[in-house]
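Participant: below is the structure, and that's it, no one-letter string:
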């Protein structure tokens, strides 16, 4: 059954096997089909109901979220199985490390989108190679082999077809809607490890904060401000990248050139984003500061 709603998340068959109910997460619907003669023609739609009383998202953000989940859209991927949500379900990360050597990026730990609100937290990707959400058009047209959301004539105008080139914002309503959804992903959630009221824990937390902010450890030199990150671009769209001794043979490159450093990740949401570092080579925060920091280049 081809058209069963957007982002199908659940199926239920009636006890007598005559009716199939399909939940479309992003169309906010449940559709019922007559499957009593399955295999003898297209099942007929019996009824459709809505799963919500009112939509909480704005029209543009809802449209962007639908695109975010739409693997079947040929603009998103060639084989109809890849979408943004494939790795970023609910805007989070999949806590996996992917080998992007084929696209020149090397080993990359999936970065959660939720909480970063698009480019509010700075550059995009560990290599700082995107400066707007609309730059994901390159991943869509490249590894995902989609046709893209920009017309070819527009994509090949000026330096639009170059990451960090001419802005892509305002060139496609759907690409802008996708960006609006990613921009809406604010809020980090509450760490389950927080134990307010626990005197011993509060004391340890206070001591940890003093260490973090001290000039001796140097943590704050890069993990600064409300986002605990200095991520961003200097004049000439030069990203602030740092070599903290974690680059290895699997580092990959950046925009076809040598990768000389890594974008500073925010420390917000750390409780749910293991493994750590750009290549996922640290499974714990202790390893970030010890075995993966042998020369004290990543804080002392």
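Facilitator: Thanks, I have it. None of the values given here were measured: they were computed from a predicted structure.

Participant: with adjacent residues omitted, what lies nearest to residue 256?
Facilitator: Once its chain neighbours are removed from consideration, residue 256 has its nearest residue in residue 104; the separation is 6.4 Å (Cβ to Cβ, 6 or more residues apart in numbering). Quick note: C-beta positions are derived from backbone N, CA and C, even for glycine.

Participant: helix/strand/coil for the most centrally placed residue in the chain?
Facilitator: Per Cα atoms, centre = their mean, the C-alpha nearest to the average position across the chain is that of residue 113, at 3.8 Å. State at residue 113, reduced to three classes by DSSP: H, G, I helix; E, B strand; the rest coil: coil.

Participant: relative to residue 67, how far out is it?
Facilitator: According to Cβ to Cβ, to the nearest Å, residue 113 stands 14 Å off from residue 67.

Participant: try residue 221
Facilitator: Counting by Cβ to Cβ, the gap between residue 221 and residue 67 amounts to 39 Å.

Participant: the more surrounded of these two?
Facilitator: residue 67 (22 against 12; other Cβ atoms under 10 Å).

Participant: pretty sure the more buried one is touching residue 179, no?
Facilitator: No. Counting by Cβ atoms under 8 Å, residue 179 is not a contact partner of residue 67; they are 10.0 Å apart.

Participant: next, show the common contact partners of these two.
Facilitator: Contact criterion Cβ atoms under 8 Å, 6 or more residues apart in numbering; residues shared by residue 67 and residue 179: none found.

Participant: picking that back up, OK, contacts around the residue nearest to residue 256?
Facilitator: 252, 253, 254, 256.

Participant: make it 10 Å
Facilitator: By Cβ atoms under 10 Å, 6 or more residues apart in numbering, residue 104 lies in contact with 127, 129, 252, 253, 254, 255, 256, 257, 259.

Participant: distance of the residue nearest to the centre of the chain relative to residue 32?
Facilitator: 34 Å.

Participant: ok, now residue 62?
Facilitator: When Cβ to Cβ is applied, the distance between residue 62 and residue 32 equals 24 Å.

Participant: for residue 126, see how far away residue 141 is.
Facilitator: In terms of Cβ to Cβ, residue 141 sits 21 Å off from residue 126.

Participant: quick one: which of the two has more around it?
Facilitator: residue 126 (26 against 18).

Participant: ok, that one touching residue 242?
Facilitator: No. Using Cβ atoms under 10 Å, residue 126 and residue 242 do not qualify as a contacting pair, with a distance of 11.2 Å.

Participant: ok so residue 122 is a helix residue?
Facilitator: No. The assignment for residue 122 (three-state DSSP) gives coil, which keeps it out of a helix.

Participant: once you drop chain neighbours, what's closest to it?
Facilitator: Leaving out its chain neighbours, the residue that sits closest to residue 122 by Cβ to Cβ, 6+ apart is residue 231, at 2.6 Å.

Participant: wait, isn't that neighbour in contact with residue 261?
Facilitator: No. When contacts are counted by Cβ under 10 Å, residue 231 is not listed as touching residue 261 (11.6 Å).

Participant: hey, what's in contact with both of those two?
Facilitator: Overlap between the contact sets of residue 231 and residue 261, as judged by Cβ under 10 Å, 6+ apart, is given by 128, 239, 240, 241.

Participant: just flag the most distant two among those residues.
Facilitator: Greatest spacing in the shared contacts of residue 231 and residue 261, by Cβ to Cβ: 128 and 240 (7.4 Å).

Participant: give me the more crowded residue out of those two.
Facilitator: residue 128 (25 against 17).

Participant: give the contact list for residue 268.
Facilitator: Going by Cβ under 10 Å, 6+ apart, the list of residues near residue 268 reads 112, 115-116, 121, 187-189, 191, 223, 226-229.

Participant: may I have the secondary structure class of the residue nearest to residue 57 when sequence neighbours are not counted?
Facilitator: Once its chain neighbours are removed from consideration, residue 57 has its nearest residue in residue 65; the separation is 6.7 Å (Cβ to Cβ, 6+ apart). For residue 65, the secondary structure call by three-state DSSP comes out as helix.

Participant: how about the strands in the stretch 101-250 of the chain?
Facilitator: Under the criterion DSSP state E, counting those that start in this stretch, strands of the stretch 101-250 of the chain are mapped to 106-109, 233-234, 238-239, 241-242.

Participant: got any ranges where the stretch 51-200 of the chain has weak pLDDT?
Facilitator: Across the stretch 51-200 of the chain, no stretch falls below the confidence threshold (pLDDT under 70).

Participant: want to throw the contacts of residue 268 into CSV with neighbour count and distance to residue 287?
Facilitator: Output for those, formatted as CSV (neighbours: other Cβ atoms under 10 Å; distance: Cβ to Cβ, whole Å):
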residue, neighbour count, distance to residue 287
112, 22, 19
115, 20, 23
116, 25, 24
121, 23, 24
187, 12, 28
188, 16, 22
189, 12, 23
191, 12, 19
223, 19, 17
226, 8, 26
227, 20, 23
228, 20, 19
229, 21, 20
